[in-house]
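In: Got a sequence here, can you model it:
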Amino acid sequence: MDVDSRTDAAIGVDMLLGLWILFAPFLLGFRGVLPATWNNVGVGLLMAVFCGLRVSVGYHQPAWSWCTSVLALWLIVSPFVLGFTHTPDAMWNDIIVGAVAAALGWRGTWVPVAGDQNLKAS
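Out: Numbering: from 1, shown residues only. Okay, the predicted model is just below:
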């Protein structure tokens, strides 16, 4: 798998995680906790849009992946900042998905350079 494929995979999984975050309040049953619900809907929608933009504009605009990483880091701290630590489903979902999405978002920022053999992995 080459660098381009790994970057595509990271961005694709991040998009799926964004969609998961978007629908998690309704699927996990914490939609009654408004700070968690609105946070997840907003962050999930933005993550999916940013990943879609990253895919559509190609490799030479990694800023969209950086935006996704920042949103993922926000997911990790948001239960504490917004005060929904009393809802374990929402809190742990955001922390775990945020950590994975941050790592994948950072991986998605890698920009392959044409002809650079050091970027090719076997």
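In: Need the residue closest to the centroid of the protein.
Out: Ala101 (3.8 Å; C-alpha atoms, centre = their mean).
In: can I assume that residue is in contact with Leu75?
Out: Yes - at 6.9 Å, Ala101 counts as touching Leu75 under the criterion of C-beta atoms under 8 Å. The way it works is simple: take the backbone N, C-alpha and C, and place the C-beta from them, glycine included.
In: Mutual contacts of these two, please.
Out: Ile21 (C-beta atoms under 8 Å, 6 or more residues apart in numbering).
In: Touching stretch 75-95 from outside, list them.
Out: Contacts of stretch 75-95 (C-beta under 8 Å, 6+ apart): 21, 24-25, 28-30, 33, 35-36, 39-40, 43, 97-99, 101-102.
In: Could you give me the ChimeraX syntax to select whichever of the residues you listed are buried?
Out: Only the buried entries of those go into this ChimeraX selection, using 16 or more other C-beta atoms under 10 Å:
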select :21,24,25,28,30,33,36,39,40,43,97,98,101,102
